[in-house]
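Enquirer: when you get a sec, could you give me coordinates for this:
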Amino acid sequence: MSLFAQVTSLDGTRRVEGKLSGPVVEPEKLGAALAEELIGQGAGSILDAIRGESAVSR
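Expert: Numbers count the residues shown, from 1 in each chain. Below is the predicted model:
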């Protein structure tokens, strides 16, 4: 199984992406590992900014 994920800022100026492959019987483990990789690349700050902008626009 291969999993690709991308996190992009709302204005498109910041983006992190990653791809991992692993056993099809462990999809949760693969997803968690890819999420950790993306967070290590800065996805957390991108998502924090998106959440902040969403709260302001409500």
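Enquirer: the residue most central in space within the chain: what's it in contact with?
Expert: With distances taken as Cα atoms, centre = their mean, residue 7 lies nearest the centre of the chain, 4.6 Å away. By Cβ atoms under 8 Å, 6 or more residues apart in numbering, the contact set of residue 7 is 15, 16, 17, 38, 43, 46, 47. All C-beta atoms are positioned from the backbone trio N, CA, C, and that covers glycine.
Enquirer: need phi/psi at the last one.
Expert: The reference is to residue 47. phi -70, psi -40 (degrees, to the nearest 10).
Enquirer: please report the distance of the residue nearest to the centre of the chain from residue 22.
Expert: Between residue 7 and residue 22 the distance is 20 Å, computed by Cβ to Cβ, to the nearest Å.
Enquirer: with adjacent residues omitted, what lies nearest to residue 41?
Expert: Among residues not flanking residue 41 along the chain, residue 16 sits closest, at 4.0 Å (Cβ to Cβ, 6 or more residues apart in numbering).
Enquirer: touching, the one you found and residue 45? I think so.
Expert: No: using Cβ atoms under 8 Å, residue 16 and residue 45 do not qualify as a contacting pair, with a distance of 9.7 Å.
Enquirer: so between the two, which is more surrounded?
Expert: Higher neighbour count among residue 16 and residue 45: residue 16, with 19 against 14, using other Cβ atoms under 10 Å.
Enquirer: tell me the SS of the more buried one?
Expert: Following DSSP: H, G, I helix; E, B strand; the rest coil, residue 16 is assigned to strand.
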